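Peer 1: Make a model of this:
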Amino acid sequence: MSKISILTTLLAATLIFQACSKDKNNEDTIKQANSMLSTNEFVLTSLDNKQYIIQKDGDGFKVKGADGKVLLLDIFATWCPPCQAEASPLASLQKKYPNDLQVIGITVENNIPNSKLEDFRHEHGANYTLVNSSENSRIIDEIAKKLKLGRDFGIPLMAMYKDGKLVNYYQGATEEEFIESDIKKALHK
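Peer 2: Residues are numbered from 1 along each chain as shown. Purely as a prediction, here's the structure:
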């Protein structure tokens, strides 16, 4: 019973704070957009309020309007040491392949303040797209389902796609060279 009352209190507090948020109109607009989209699309909002529409395509995913690019979806948490360690190498790959690669970091942390993600970016060199939206948990669940990992998978989890087709996925700390090798293979197929 105690867990239910704590959960109820947290939910009520979240609703109160969201109702008082300066970005309430923007959040309402995003929720409306998400509800109008099919279940095959996810609207992810980056820290700079840019929206990325991720589309399910068969067994994979792609970014709407980014045809031909390799998509690397990085599922992480700000408190996770292997996630922190992978941030700089992912930024290095994004910088090395600016026209061919889209790295999108998707946090597993619900209702995390953007300031915490900004701190993560600055402390760990995560100079690529980080998203923080109500759709994070939905797309994370869908990725795990498509990869047949179940609900309790380890992080970091990175899934790489090209034109909606899975190239490879990595669970746990992964060397930059392995990821880059798969990027090169995907670009030359």
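Peer 1: could you pull out the strands for the chain?
Peer 2: Here the chain has its strands, by DSSP state E, at 41-45, 51-57, 60-63, 70-76, 101-107, 129-131, 157-162, 165-171.
Peer 1: Now do the end-to-end distance for stretch 154-163.
Peer 2: 26 Å (CA to CA, to the nearest Å).
Peer 1: meant to ask about stretch 101-116, not that
Peer 2: Using CA to CA, the two ends of stretch 101-116 sit 25 Å apart.
Peer 1: May I see the buried residues of it?
Peer 2: 101-109 (16 or more other CB atoms under 10 Å). From N, CA and C alone the C-beta is placed, and that goes for glycine too.
Peer 1: And the strands of the chain: which comes nearest Leu117?
Peer 2: Leu117 lies closest, by CB to CB, to one member of those: strand 129-131, at 5.1 Å.
Peer 1: neighbouring contacts of that closest one?
Peer 2: 44-47, 50, 52, 102-107, 117, 120-121 (CB atoms under 8 Å, 6 or more residues apart in numbering).
Peer 1: can you check stretch 91-106 too?
Peer 2: Under CB under 8 Å, 6+ apart, the answer for stretch 91-106 is 44, 52, 54, 63, 66, 68-76, 87, 90, 125-131, 136, 139-140, 176, 179-180, 183, 187.
Peer 1: try it again with 7 Å
Peer 2: 44, 52, 63, 66, 69-76, 90, 125-131, 136, 139-140, 176, 179-180, 183, 187 (CB atoms under 7 Å, 6 or more residues apart in numbering).
Peer 1: Kindly report the same for stretch 54-64.
Peer 2: 40-42, 44, 52-53, 69, 71, 73, 102, 139, 142, 146, 161, 163-166.
Peer 1: Show me where this protein dips below the pLDDT cut-off.
Peer 2: 1-38, 189 (pLDDT under 70).
Peer 1: go with 50
Peer 2: 1, 7-8, 10-25, 30, 32, 34-37 (pLDDT under 50).
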